[in-house]
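Asks: Turn this into a structure:
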Amino acid sequence: MGKAFASELAVLGDTLTWALSRDMTELSRFVDDASDLPLVAIGSGGSSTACHMTTLLHRARHRRPALFTTPLDVLMLPAGLHRAAVFLASASGKNKDALAAFKVAITEETPAIAVVTMSATNPLNEAATLYGRARMFAADAPAGKDGYLATNSLLATCALVARAYGFEVTVSKAPRKAVDGAIFEDRQMVQVLHGGWGSPVATDLESKINESALAAAQLADYRNFGHGRHLWLAKRAAETVVVALVTPGTAAIADSTLKLFPKSIRVVRLETSLDGPDGTIDLLIQALHLVHCIGVIRKQDPGRPHVPEFGRKLYRLTPPHVRPAFDAPIQRKLWASPGATHEGKAFQEGLKRFLARARTAKVGAVALDYDGTLCTKDDRFGGLRDDVVAECSRLLKAGLHLGIATGRGKSVREELQKVLDRKLWARVHIGYYNGTAIGALADDALPKTDEPSDPALTRAQSLLSDDAWLTATAKITPRPQQITVEPKGATRTDALAAHVMSRLAPLDGAGVRIVVSSHSLDVLGARPGKGSLVSWLREQVGEAREVLCIGDRGAWPGNDYALLAEPMSLSVDEVSSLDDTCWNLAPRGVSGPDATLLYLRAINARGGVGTFTWKEGSAR
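Replies: Below you'll find the model as predicted:
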């Protein structure tokens, strides 16, 4: 099986050129999605190298913790994935472990997922396309499928991910120093010393040397080596070669370490003058050639070894399946709960009460958030989906009223006027700027931008505009009852919100508050927010009818927290910890407009009255 390793090395340059010319839109969006989050990068075999490098990129770009691990690790203990981003690499997109890891990420509702495969069509990519939270890169690399070891697919993945994180990949032009393969003769152990941007290459060497049975390999970073790992060399120097991976950042500690070695220790030094991911890629190419060199001296081709039948069977084993302890709606509430030891019983009882009320309620109106609920963050200026428009139209034709609660202004009115039949406009109401200005869809005079501003917001605008860092990194748009702060690039939302509130500290007690959406944050004054739209709708339908509220940011400081604190409220994403409202009933991994559609389709409407007919098992 496999390919001649030398033939794979011969096309590394072509692979790198190809990777540097690919469109990075989807992966770059993942990097932005993950800017607020720690990262878990999941891969097996050669993909572990790309995952290791991705964690360094994440730490360097976003200053967030990052961990690379295996599929089995997250299968056995998936705790925490719901508050992390997940990066998943698989060259073929076919192996059972990668598919199982993706399923766990969906089950745990990881908020941001990237799937990178080197095959245009594969099961992993097909699974990912079903979920809006997943970003995919899938393409046929020019070198085709790798041989036994990950080579071109790995190099391409590393270059792609480095570009996605905003690094310009530079190819080293320095002549590659030849390694005398004889140094490995009669040596059965390779100790790899590493640090910093060289560490992913150490992961790769350990993988390739062991997987191809060229030798046994041990890893240690330069300082961990000083904590006892050196004893192996003292006792087994005659059977060991040390491979030192050296980058500009580790050159000093590498020199200090290697100078202390006895002269009898055989050392191969792989060094790069490039820093950051460029250095990783340069060292990776050198390491691939080193593996080939060891193979030549061993008279073994690492790219096409003989694989025993039991090894094939081991690869094909099915990973264990771990059933979630709770149904999805309960699990979401447990994640939101401030109590770490909550057993879920109170939420189970709360869900029963909520569903009992929802199924018997006579719904006269539906109040919907816009961005993140009726459309995704990516599509917020691209128009509503046809299926969403169809469901809204169905309810309106049946006599229900629709209220749209949005942080935006006339752009929402213009879109709704474009997609909804004019005959239906009379029952459509818009709460502009987080509900601080409310009116009918047909009213082109709204929202007004010339009314007097809230005095507290006028002062807030002055404070924010005087902040040089904020004005450089975010667009600040003042309106009479709201100030919108929209990041110009990938910015941690929690840090941005904290910065804005700190800047507004002189207004403490003036009624100024902030709410956060999927793409911006809004500073509001004392005027009521989205909850005021619900009151407006109740006036339209009468007290005998209920208003069903649907949004995506139900946990404070999300901009739907007040809307989804209403008694009849559903979330399509984040929930609050309240057990009597703000329930997310959607199937695991389903969010945004996809979940909204399920809720709307569950409303049987006729004669101005709707009934919520949700089936309890739908969310498992």
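Asks: nearest residue to Glu101 other than its sequence neighbours?
Replies: Let me fix one detail, which is that residue 101 is Ala and not Glu. Leaving out its chain neighbours, the residue that sits closest to Ala101 by CB to CB, 6 or more residues apart in numbering is Pro71, at 3.8 Å. Where C-beta positions appear, they are placed from N, C-alpha and C, glycine not excepted.
Asks: List the contacts of the one you found.
Replies: When contacts are counted by CB atoms under 8 Å, 6 or more residues apart in numbering, Pro71 touches 42-44, 97-98, 100-101, 319.
Asks: Restricted to helices, list those residues.
Replies: 97-98, 100-101 (DSSP state H).
Asks: give me the element Arg163 is part of.
Replies: Arg163 belongs to helix 152-164 when assigned by DSSP states H and E.
Asks: Let me know how buried the closest residue to Cys549 other than its chain neighbours is, in neighbour terms.
Replies: Leaving aside its chain neighbours, Cys549 sits nearest to Ser569 (4.1 Å; criterion: CB to CB, 6+ apart). A total of 27 residues lie near Ser569 under the criterion other CB atoms under 10 Å.
Asks: domain assignment for this structure?
Replies: The record assigns the chain these domain ranges, following automatic domain parsing: 1-168, 177-318, 362-449+529-620, 455-526.
Asks: low-scoring stretches of the protein, by residue?
Replies: 1, 340-342, 617-620 (pLDDT under 70).
Asks: Of all residues in it, which one is nearest the centre?
Replies: Geometric centre of the chain, nearest residue: Ala112, 2.0 Å, by CA atoms, centre = their mean.
Asks: Quick one: residues contacting that residue.
Replies: Contacts of Ala112 by CB under 8 Å, 6+ apart are 30, 33-34, 37, 85-86, 133, 135.
Asks: where do the helices sit along the stretch 51-200 of the chain?
Replies: 71-76, 96-107, 123-128, 152-164, 199-211 (DSSP state H, counting those that start in this stretch).
Asks: mind listing what's buried in the last one?
Replies: Put plainly, it is helix 199-211. Residues of helix 199-211 classed as buried: 199-209, 211 (neighbour count, 16 or more other CB atoms under 10 Å).
Asks: Then the first one?
Replies: In terms of neighbour count (16+ other CB under 10 Å), helix 71-76 has its buried residues at 71, 74-75.
Asks: which one among the residues you listed gets closest to Arg298?
Replies: Closest approach between the buried residues of helix 71-76 and Arg298, by CB to CB: Pro71, at 30.5 Å.
Asks: Report the separation between the residue nearest to the centre of the chain and Ala79.
Replies: The gap separating Ala112 from Ala79 is 18 Å, by CB to CB, to the nearest Å.
Asks: Kindly report the same for Thr247.
Replies: Thr247 is 34 Å from Ala79, by CB to CB.
Asks: So between those two, which is more surrounded?
Replies: Legend: neighbour count by other CB under 10 Å for Thr247 and Ala79, higher for Thr247 (26 against 8).
Asks: so that one touches Ser199, yeah?
Replies: No. Contact criterion CB atoms under 8 Å: Thr247 and Ser199 do not qualify, at 9.4 Å.
Asks: give me the number of residues near Ala325?
Replies: Count around Ala325 with other CB under 10 Å applied: 10.
Asks: who touches it in this structure?
Replies: Contacts of Ala325 (CB under 8 Å, 6+ apart): Gln331.
Asks: secondary structure class for it?
Replies: coil (DSSP: H, G, I helix; E, B strand; the rest coil).
Asks: show me where the stretch 251-400 of the chain has helices.
Replies: Ranges of helices in the stretch 251-400 of the chain, per DSSP H, counting those that start in this stretch, are 251-259, 276-298, 309-315, 328-336, 345-360, 386-397.
Asks: The last one packs against which elements?
Replies: Using 3 or more CB pairs under 8 Å, 6 or more residues apart in numbering; DSSP states H and E as the contact test, the elements touching helix 386-397 are strand 401-405, helix 592-601, strand 603-606.
Asks: try 6 Å this time
Replies: If contacts are counted by 3 or more CB pairs under 6 Å, 6 or more residues apart in numbering; DSSP states H and E, helix 386-397 sits against helix 592-601.
Asks: And the helix it packs on, what's buried?
Replies: 592-600.
Asks: which other residues reach the helix holding Arg163?
Replies: By CB atoms under 6 Å, 6 or more residues apart in numbering, the residues outside helix 152-164 that reach it are 12, 15-16, 19, 24, 27-28, 31, 46, 49-50, 53-54, 89, 91, 116, 118, 141, 143, 146, 169, 277, 281.
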